[in-house]
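> Next input, structure requested:
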Amino acid sequence: MKKKLQSYFSMLGRSFLLGVAVMSFFVLLLTLGAVLKNPHFIEAAPFLGSTAIQFIANALSESGLVVIRFMPLVFAVSIAIGMSEKGNKELAAFSSVIGYLFMITFSSLAISSFGMAIRPDVLVGDNNMVSITQTLDMRKAMQTFVLGIQTIDTGVLGGVLVGTVAAWATKRFRDQSLPMIFSFYQGKHFPPIVTGFIFMLVGIAIPFVWPYIGGGIYKAAQLVTGAGVVGSFLFGFIERILIPTGLHHVWYSLAHFTPVGGVKEICGEVFTGTKAITTGALGCGEFSGDLSDITRVWLGQGATPIKVFGIPGALLGIYLAAKNKNRAKVIVISAASASFFAGVTEPFEFLFMFLAPGLFVIHAALTGLSFAILDMVNASYLGGNNIIELIFNGVFQGHKSTWVPIFVVGIAMFFIYLITFKWYIEKFNIMTPGREPEDDTDEVLIAEVAASKLIIQKTDRHEVASKLIEHLGGRENIKDYTNCISRLRVFVKDPALVNKNALKKLPDSLGMSQPSEEEFHIVFGMKVSEYRSAVDKQMGE
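Numbers count the residues shown, from 1 in each chain. Model (predicted):
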């Protein structure tokens, strides 16, 4: 039971990634729009205030806000796809859309029929555009507008519920047979119908149930914020510790996309969760408030000193501790680049987490310390966790984002990581790259150097994919697979058929982990999508 639960939550965690990836891209566009709308830049360069440039700026900003405003629907679809097996993903996605529409519509019907609907503010602007906005009483009653429908604000948790049920209904009823008279509705037509019917009932019940659920969420939010600096430390520490299992996505999503991360009104619009709040602050040119109470559990704030400064320092320590510097160099540069430019840490963490679990705990503790220190100094940083976002969302935002503490803590972390990693590796003789026995064959050395994602790969990716499938027990043993930013995640039917030792030695792989009995993660770094495509071809996808 424990392993099944772990596998389920690992799958749930990675199902967030599709929505997060889409959001991240459009938030980058929003960031550019925010720079163009920044009043400090307009004052310094008046031409930026022209109608044409401000229209472009608003268009860029709105592109990011679209995903934020419809986050529940985005994650309903993302989770339905992520939680479904191959061949059923499109059907599950369609079922999730039907389920979500039924949920908000029948919630609206219930609050209307039972006299629970609260009157909103309705305004007509100078441009003849109608604006319907929440009132304070609506917020307290957890009512909002979605797609023009006044309904209960279930937030992302509602989307998670819809996506999970849609995936289940698709798996359960995809091949359902019905009596002859209803045969048109069987097979692939049936899961969306079942999902719609379920959320017809759920939608009616939500106005009576959700306020209690919402109350529980707000109590959890109060617990997190009330824990002060200790809570900030634990948030960062736990997020890193969960990396090997993939559950870190679920952990940070709690703060990013639900009231646990806070609720804030910015420029007349209410945002929920640290991701939405920081995005809203970036998109509002007039915003100049203090968000230190919100960004204290915002991964951009706590993780940036680690990913931009600390991890490169640690990798320099690994390089200095190496006996064969040439062997370590290419791997160190690759992992440092992934963390510095993209905020991707797995290539770094998989270099040592299984060789030195104690060092991995130290890494997690230092991450928590970064969160705690920035909370102590009341930092309010709106940026992401790589150097590009640090510049655009931090330095370029001027009064909006207190980016200076990020650099100060980051520089300190660079030296702490460098000294700690070099000392620990040498003290306990950890076999990190460049410290292996010198009697390795040329073939081993060539394979190790090829693991760098900064050089052209000579190994045939299709051969690697073929060997990977073979080591996993063959095509028939692979139940499902997908990839995140750096890992290929595979679920198998019979773990006994998997050759774990062979997987660990797979060419071009940086490592392998097994979060649960049926789940295997093979780390390929920044070129994982290429290996995913090669596996697709081998599997006949």
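> and this protein, what are its domains?
Per automatic domain parsing, the domain ranges recorded for the chain read 70-226, 227-455, 456-539.
> Single out the most deeply packed of the ones you listed.
domain 227-455 (a mean of 20; mean count of other Cβ atoms under 10 Å). All C-beta atoms are positioned from the backbone trio N, CA, C, and that covers glycine.
> what packs against the helix or strand harbouring E470?
Assigned by DSSP states H and E, E470 belongs to helix 461-471. When contacts are defined as 3 or more Cβ pairs under 8 Å, 6 or more residues apart in numbering; DSSP states H and E, helix 461-471 packs onto helix 500-504, helix 528-539.
> relative to helix 461-471, how tilted is the last one?
In this case it means helix 528-539. Helix 528-539 and helix 461-471 meet at an angle of 70 degrees, taking axes from the mean of the first three to the mean of the last three Cα atoms, to 10 degrees as the criterion.
> Provide the contact partners of helix 528-539 at residue level.
Here helix 528-539 makes contact (Cβ atoms under 8 Å, 6 or more residues apart in numbering) with 461-462, 464-466, 468-469, 475, 478, 481-488, 508, 524.
> repeat that for 6 Å
461-462, 465-466, 469, 483, 486, 488, 524 (Cβ atoms under 6 Å, 6 or more residues apart in numbering).
> which one of the residues you listed sits closest to A338?
S486 (7.3 Å; Cβ to Cβ).
> and of the domains of the chain, who's closest to G64?
Per Cβ to Cβ, nearest to G64 of these: domain 227-455, 5.8 Å.
> starting at the chain centroid, how far to the closest one?
14 Å (Cα atoms, centre = their mean, to the nearest Å).
> What average pLDDT does that domain get?
Mean pLDDT, computed over domain 227-455, is 83.
> the strands in the stretch 1-150 of the chain, which residues?
121-124, 130-133, 143-146, 149-152 (DSSP state E, counting those that start in this stretch).
> Just the pLDDT for the nearest residue to I53 once chain neighbours are set aside.
Of all residues not flanking I53 in the chain, L36 sits nearest, at 6.1 Å (Cβ to Cβ, 6 or more residues apart in numbering). Note on L36: pLDDT of 81.
> again with G13
63.
> now S7
Per the predicted model, pLDDT is 64 at S7.
> Going along the chain, name the helices of the stretch 251-400 of the chain.
Using DSSP state H, counting those that start in this stretch, the helices of the stretch 251-400 of the chain run over residues 274-283, 292-295, 299-304, 311-321, 325-342, 346-349, 357-376, 387-389.
> Compile those into TSV and extend it with columns for distance to N429.
Shown next, in TSV, are those (distance: least, Cβ to Cβ, whole Å):
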stretch	distance to N429
helix 274-283	41
helix 292-295	40
helix 299-304	30
helix 311-321	10
helix 325-342	15
helix 346-349	20
helix 357-376	12
helix 387-389	33
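> distance of the nearest residue to P312 once chain neighbours are set aside from A365?
With sequence-adjacent residues excluded and distances taken as Cβ to Cβ, 6+ apart, P312 is closest to A336, at 4.6 Å. To A365, A336 is 21 Å away according to Cβ to Cβ, to the nearest Å.
> of all the helices and strands packed on helix 461-471, which lies closest to V229?
Nearest to V229 among these is helix 528-539; the distance by Cβ to Cβ comes to 36.3 Å.
> which element is the residue lying closest to I362 once chain neighbours are set aside on?
Closest residue in space to I362, ignoring its immediate chain neighbours: T420 at 6.3 Å, by Cβ to Cβ, 6+ apart. Using DSSP H and E, T420 falls within helix 404-427.
> then that helix to CSV, C-alphas only?
Provided in CSV are the C-alpha atoms of helix 404-427 (Å, rounded to 0.1, in the frame of the first residue of the first chain):
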residue,chain,number,x,y,z
VAL,A,404,20.1,42.8,-3.6
PRO,A,405,19.7,40.3,-0.7
ILE,A,406,19.5,37.5,-3.3
PHE,A,407,23.0,38.5,-4.5
VAL,A,408,24.4,38.8,-1.0
VAL,A,409,23.0,35.5,0.2
GLY,A,410,24.0,33.9,-3.2
ILE,A,411,27.6,35.0,-3.0
ALA,A,412,27.8,33.7,0.6
MET,A,413,26.3,30.4,-0.6
PHE,A,414,28.8,30.1,-3.4
PHE,A,415,31.7,30.0,-1.0
ILE,A,416,29.8,27.8,1.6
TYR,A,417,29.0,25.3,-1.1
LEU,A,418,32.5,25.3,-2.5
ILE,A,419,34.2,24.8,0.8
THR,A,420,31.7,22.3,2.1
PHE,A,421,31.6,20.1,-1.0
LYS,A,422,35.4,20.0,-1.5
TRP,A,423,35.9,19.2,2.2
TYR,A,424,33.2,16.5,2.4
ILE,A,425,34.3,14.8,-0.8
GLU,A,426,38.0,14.7,0.2
LYS,A,427,37.2,13.8,3.9
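> helices or strands up against it?
Here helix 404-427 touches helix 311-321, helix 357-376, going by 3 or more Cβ pairs under 6 Å, 6 or more residues apart in numbering; DSSP states H and E.
> With distance to P46 added, can I get the ones you listed in CSV?
Listed next are the helices and strands packed on helix 404-427 as CSV, based on distance: least, Cβ to Cβ, whole Å:
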stretch, distance to P46
helix 311-321, 39
helix 357-376, 35
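> mind checking how far R327 is from R435?
Applying Cβ to Cβ to R327 and R435 gives a distance of 9 Å.
> meant to ask about G384, not that
33 Å.
> Please give me every residue in contact with the closest residue to L320 other than its chain neighbours.
The spatial neighbour of L320 that comes closest, neighbours along the chain excluded (Cβ to Cβ, 6+ apart), is K422 at 5.3 Å. By Cβ under 6 Å, 6+ apart, the residues touching K422 are 317, 320-321.
> Dump stretch 236-256 to PDB, keeping only the CA atoms.
What follows is stretch 236-256, C-alpha atoms only, in PDB (Å, rounded to 0.1, in the frame of the first residue of the first chain):
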ATOM      1  CA  GLY A 236      13.000  24.900   1.400                       C
ATOM      2  CA  PHE A 237      14.500  21.900   3.100                       C
ATOM      3  CA  ILE A 238      11.500  19.600   2.400                       C
ATOM      4  CA  GLU A 239      11.300  20.700  -1.200                       C
ATOM      5  CA  ARG A 240      14.900  19.600  -1.800                       C
ATOM      6  CA  ILE A 241      14.700  16.400   0.200                       C
ATOM      7  CA  LEU A 242      11.700  15.300  -2.000                       C
ATOM      8  CA  ILE A 243      13.700  15.600  -5.300                       C
ATOM      9  CA  PRO A 244      14.600  11.800  -5.600                       C
ATOM     10  CA  THR A 245      10.900  10.900  -5.300                       C
ATOM     11  CA  GLY A 246       9.500  13.500  -7.700                       C
ATOM     12  CA  LEU A 247       7.100  14.600  -4.900                       C
ATOM     13  CA  HIS A 248       8.700  18.100  -4.700                       C
ATOM     14  CA  HIS A 249       6.300  19.200  -7.500                       C
ATOM     15  CA  VAL A 250       3.300  18.500  -5.200                       C
ATOM     16  CA  TRP A 251       5.000  20.200  -2.300                       C
ATOM     17  CA  TYR A 252       5.800  23.500  -4.000                       C
ATOM     18  CA  SER A 253       2.500  23.500  -5.900                       C
ATOM     19  CA  LEU A 254       0.700  23.800  -2.600                       C
ATOM     20  CA  ALA A 255       2.400  27.200  -2.000                       C
ATOM     21  CA  HIS A 256       2.400  28.300  -5.600                       C
END
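> Thank you kindly, that will do.
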